[in-house]
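Prediction below, plus the sequence it came from.
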Amino acid sequence: MLTGEMTDSRARVAHVGIAVPSIAHALGFYRDILGLQPGQPESADGATIVGLTLGDVQVELLEPRDAESPVAKFLARRGPGIHHICYRVPDLDRTLERCRAAGYRLVDEQPRRGANGRRIAFLHPKATAGILLELTE
């Protein structure tokens with residue numbers, strides 16, 4: 001349980017990361033069936049990332065570029081599927097402080113740069129009911 005009082009948290013879902021073996025193959029559904037336009041491919045953490053806007057939330061398709069990347073390891077263990085959920089928080093540093101104070105296990109002790117140059121940090125899935133959570137501002 002988080003410590004401290006949250007007033008008007010303004011936290012919301014920023015994106016859902018989906019691990020896929022091939023972005024080109026996965027895009028068919030999002031582009032041809034749902035009518036979403038893919039953004040320009042980016043690279044981060046050994047993966048190619050293509051974002052698609054779905055209402056107020058982004059869907060990020062994650063294709064490994066490196067066999068040792070987190071996404072490649074995820075695909076090898078679990079196959080294609082939801083890799084992580086990203087929550088947008090108003091103050092990433094404060095949210096990480098609260099996580100540490102409450103004893104949550106962090107993947108990233110300090111924020112780092114992710115896709116689009118955003119500051120991000122991940123929480124370990126063992127601390128969050130088996131779901132890899134990303135936090136961003």
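Received it, and whenever you're ready, just let me know what you need.

any residues touching whichever strand or helix holds Glu134, and which ones?
Assigned by DSSP states H and E, Glu134 belongs to strand 133-136. If you take Cβ atoms under 8 Å, 6 or more residues apart in numbering as the criterion, strand 133-136 is touched by 14, 17, 84-89, 92, 95-96, 114, 118-123, 125. The way it works is simple: take the backbone N, C-alpha and C, and place the C-beta from them, glycine included.

how does it look with 6 Å?
The contact list for strand 133-136, computed with Cβ atoms under 6 Å, 6 or more residues apart in numbering, reads 14, 84-89, 92, 95, 118, 120-123.

Can you tell me the strand partners of that strand and which way each runs?
When pairs are called by DSSP bridges, strand 133-136 turns out to pair with strand 81-88 (parallel), strand 119-123 (antiparallel).

buried set for that strand?
The neighbour-count check on strand 133-136 (16 or more other Cβ atoms under 10 Å) flags 133-136 as buried.

which one among those gets closest to Gly39?
Relative to Gly39, the closest of those is Thr136; by Cβ to Cβ it sits at 16.1 Å.

Dig out what the closest one forms beta bridges with.
When assigned by DSSP bridges, Thr136 has beta-bridge partners Arg88, Ile120.

Tell me the spacing between it and Ala11.
Distance, Thr136 to Ala11, using Cβ to Cβ, to the nearest Å: 11 Å.

can you check Pro70 too?
To Ala11, Pro70 is 24 Å away according to Cβ to Cβ.

more crowded one of these two?
Pro70 (19 against 13; other Cβ atoms under 10 Å).

Just give the nearest non-adjacent residue to that one, would you?
Excluding the flanking residues, the one nearest Pro70 by Cβ to Cβ, 6 or more residues apart in numbering is Asp45, at 5.8 Å.

pLDDT score for that neighbour?
Per-residue confidence (pLDDT) for Asp45: 91.
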